[in-house]
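In: Output the structure for:
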Amino acid sequence: MIKLGKLTDYAIAVMGQLAHEGMESSHSAHHISGKTSIPEPTVAKILKLLSGANLVASARGAAGGYKLVKPAAQISIGEIITAMEGPITIVACVEGQAESCEMFGTCPTKNNWHRVNEAIKSALDGVKLTEMMTAPTPNYLVKDIHVSRT
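Out: Next up is the predicted model:
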């Protein structure tokens, strides 16, 4: 199973809250914590990581806090995941870490894992933060599901 960490899930919620608040003003970790119900120390840790990845800007002082560095429509879920988890890599040989795989020399699929990895990265980069903040239409939920009645 491929599963994102809880901090990454929280980071997407924090970014969504910042997007909801708008880019005009900064918001404290305390404020964001209150709005998202994520514990303040966790929000502070997430904001520090997101700031290090240049997804949020921080300002000190009475009017300080955090805000998005670009509009939510320009921030991909892939960027947020990468900021929190590191590079998106489905198997070790994709990012040149073949030495950590004992099967690398004999693996019949090693040459094509990059295609799978790129498809996942492309899909994550194709979903913008604004899309995560809106309810999907019913069509979106079932467009690829086919039910046969017998």
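In: List the contacts of Ser51.
Out: 57-58, 66 (C-beta atoms under 8 Å, 6 or more residues apart in numbering). Bear in mind the C-beta positions are built from the backbone N, C-alpha and C, glycine included.
In: could I get the residues you listed as TSV with secondary structure, neighbour count and distance to Ala83?
Out: Below are those laid out as TSV (DSSP: H, G, I helix; E, B strand; the rest coil; neighbours: other C-beta atoms under 10 Å; distance: C-beta to C-beta, whole Å):
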residue	secondary structure	neighbour count	distance to Ala83
Ala57	strand	15	14
Ser58	strand	14	14
Tyr66	strand	26	13
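In: Which of the residues you listed scores worst on pLDDT?
Out: Across the set of the contacts of Ser51, Ser58 stands lowest in pLDDT, at 91.
In: Tell me what that one is bridged to.
Out: Bridge pairing for Ser58 (DSSP bridges) gives the partners Tyr66.
In: Is it correct that it is in contact with Gly64?
Out: Yes - the pair Ser58 / Gly64 is scored as a contact, 7.2 Å apart, by C-beta atoms under 8 Å.
In: residues shared between the contacts of the two?
Out: In contact with both Ser58 and Gly64: Ser26, using C-beta under 8 Å, 6+ apart.
In: Show me what the lengthiest helix in the chain packs onto, helices and strands only.
Out: Secondary structure assigned by DSSP state H gives helix 6-21 as the longest helix of the chain. Applying 3 or more C-beta pairs under 8 Å, 6 or more residues apart in numbering; DSSP states H and E, one finds that helix 6-21 contacts helix 29-36, helix 40-52, strand 65-68, helix 77-85, helix 129-132.
In: closest to Asn111 out of these?
Out: helix 77-85 (23.7 Å; C-beta to C-beta).
In: Convert the C-alpha atoms of the longest helix of the chain to PDB, please.
Out: Extracted C-alpha coordinates of helix 6-21, given in PDB (Å, rounded to 0.1, in the frame of the first residue of the first chain):
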ATOM      1  CA  LYS A   6      -0.300  11.900   8.700                       C
ATOM      2  CA  LEU A   7       1.800  15.100   8.700                       C
ATOM      3  CA  THR A   8       1.400  15.300   4.900                       C
ATOM      4  CA  ASP A   9      -2.400  14.900   5.200                       C
ATOM      5  CA  TYR A  10      -2.300  17.700   7.800                       C
ATOM      6  CA  ALA A  11      -0.100  19.800   5.600                       C
ATOM      7  CA  ILE A  12      -2.700  19.700   2.800                       C
ATOM      8  CA  ALA A  13      -5.300  20.800   5.300                       C
ATOM      9  CA  VAL A  14      -3.100  23.600   6.500                       C
ATOM     10  CA  MET A  15      -2.400  24.800   3.000                       C
ATOM     11  CA  GLY A  16      -6.100  24.600   2.300                       C
ATOM     12  CA  GLN A  17      -6.900  26.800   5.300                       C
ATOM     13  CA  LEU A  18      -4.200  29.300   4.200                       C
ATOM     14  CA  ALA A  19      -5.800  29.400   0.800                       C
ATOM     15  CA  HIS A  20      -9.200  29.900   2.300                       C
ATOM     16  CA  GLU A  21      -7.900  32.800   4.400                       C
END
